[in-house]
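A.B. asks: Here is a sequence together with a model predicted from it:
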Amino acid sequence: MGARGDWQRGRPRARRAARQRERLPSEPTARRCRRATLPHALRGRDWLRAAGCAALAVGVIAPAARKRLRLPPLATSLLAWQLPLTTARLLPPGRLRAAATYAAQMWAYYVHYDMPDDRPGALERRVRVDYPIAIDRLFGAGEVPTVRLQRALARGERLRAHDYLLTFAHWAWFVVPHGTVAYTLWRHPERFRRTAVGVAACFDLGLVGYWALPTAPPWWASRIGKLPPVRRTMAAVGERLWGRLWQPLYHSVEGNPYAAMPSLHFGTSVVAARALAEIGPGHGAIGWGYAGVLGFALVYLGEHYVVDLVAGALCAEVAWRLARKVVPDEDRSVSGDLRSNGRVPATAVGKLISSSPPASAAR
């Protein structure tokens, strides 16, 4: 009877405790209530996200308007290089963040590729013309290979079929390195990071040569009388195909005209070939085949010396070794996030389900 009485006396107490728990807000509700009482600037990470979005906008707009804003080079560099870092921190894991971070890195590269031409007069006073001619004459047994090739294959001002084909190979370069990065992101995400790091590192290494040793291409050296006549075949083909639109199109992407050493056309194509060769022999054959055709085209068209290609290949080798060190063979951690675009991968869900105890065991 005493035990029964104690139990009965405890029931009102338990009921009061239950009613009190019902009146208390749940944890998410309490968190929302606390959030509602805070000033907007202090709510969670909203102010960090707003600052990140502002940094993204400044990183795009300010370098593009650096001449009008009279930004010094150091300030332009800081604003441009923070862009990929901010992008990687601001966006959630997935394909969108991967693509956006790579695009931000390439924007920072282009800003620095174009910056030396902000003061054309000062740049022209620093341009080197003679040293690549001297080195290429060693490669060409006393004659610059560009001059030798155009003498053998060109026919004056008349354009032939191979002039068009080699020009198209040159123009295709604007797609090949970045297309390779996009292809790995789409079809082989486990290889994306290494490919993106290799291509981006090759571009950035080339900036060292562009800033430290501005070098004129063969067609420019021919214009000032340092070489025998060299036809700039790409320009002739562009004018034939595009007419009056050619000059606006060309100047919209021209950038620094004295960025010949090293040849990043060739270097980044070699990195793309290395990345494709890791996927399979067929992919590698396409990548190396294009790199070989492009190398020949760059010399024949008068866009680069052979020594520029050698320097570009060295940049590619250093960049690829760096990419292999940063992203080793066994590193496949990024593939799940990229395949699922930041959502929980189906394989992870399957593992979670298979590792859960059966209902009978839970009971």
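C.D. replies: Yep, it's here.

A.B. asks: So residue 74: helix, strand or coil?
C.D. replies: Following DSSP: H, G, I helix; E, B strand; the rest coil, the label given to residue 74 is helix.

A.B. asks: Next: the one 10 residues further on.
C.D. replies: The local conformation at residue 84, judged by three-state DSSP, is helix.

A.B. asks: And the contacts of the helix or strand harbouring residue 57?
C.D. replies: In the assignment (DSSP states H and E), residue 57 maps to helix 46-64. With contact meaning Cβ atoms under 8 Å, 6 or more residues apart in numbering, helix 46-64 is reached by 40-41, 69, 71, 76, 79-80, 82-83, 86-87, 89-90, 104, 107, 111. Any C-beta I mention is one placed from the backbone N, CA and C, and that applies to glycine too.

A.B. asks: Stretch 223-232 now?
C.D. replies: Stretch 223-232 is contacted from outside by 129-130, 133, 144, 146-147, 150, 154, 157, 218-219, 221-222, 301-303, using Cβ under 8 Å, 6+ apart.

A.B. asks: of those, closest to residue 176?
C.D. replies: Ranked by distance to residue 176 (Cβ to Cβ), the contacts of stretch 223-232 are led by residue 303 at 15.5 Å.

A.B. asks: was I right about the closest one contacting residue 265?
C.D. replies: Yes: Residue 303 is within contact range of residue 265, at 7.4 Å (criterion: Cβ atoms under 8 Å).

A.B. asks: Compare the two (neighbour count), which wins?
C.D. replies: More crowded of residue 303 and residue 265, by other Cβ atoms under 10 Å: residue 265, with 24 against 20.

A.B. asks: just the CA coordinates of the strand or helix carrying residue 276, formatted as CSV?
C.D. replies: Element membership for residue 276 (DSSP H and E) is helix 264-279. Coordinates of each C-alpha in helix 264-279 appear next as CSV, following Å, rounded to 0.1, in the frame of the first residue of the first chain:
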residue,chain,number,x,y,z
LEU,A,264,51.6,28.9,-73.1
HIS,A,265,49.7,27.8,-76.2
PHE,A,266,52.1,24.8,-76.4
GLY,A,267,52.7,24.4,-72.7
THR,A,268,49.0,24.2,-71.6
SER,A,269,48.3,21.8,-74.5
VAL,A,270,51.1,19.5,-73.3
VAL,A,271,49.5,19.6,-69.8
ALA,A,272,46.1,18.7,-71.3
ALA,A,273,47.7,15.9,-73.2
ARG,A,274,49.3,14.5,-70.0
ALA,A,275,45.9,14.7,-68.3
LEU,A,276,44.1,13.0,-71.1
ALA,A,277,46.8,10.3,-71.4
GLU,A,278,46.0,9.3,-67.7
ILE,A,279,42.4,8.6,-68.7
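
A.B. asks: Now a PyMOL select for only the buried ones of the contacts of helix 46-64.
C.D. replies: A single PyMOL command is used to select the members of the contacts of helix 46-64 judged buried by 16 or more other Cβ atoms under 10 Å:
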select buried, resi 71+76+79+80+82+83+86+87+90+104+107+111
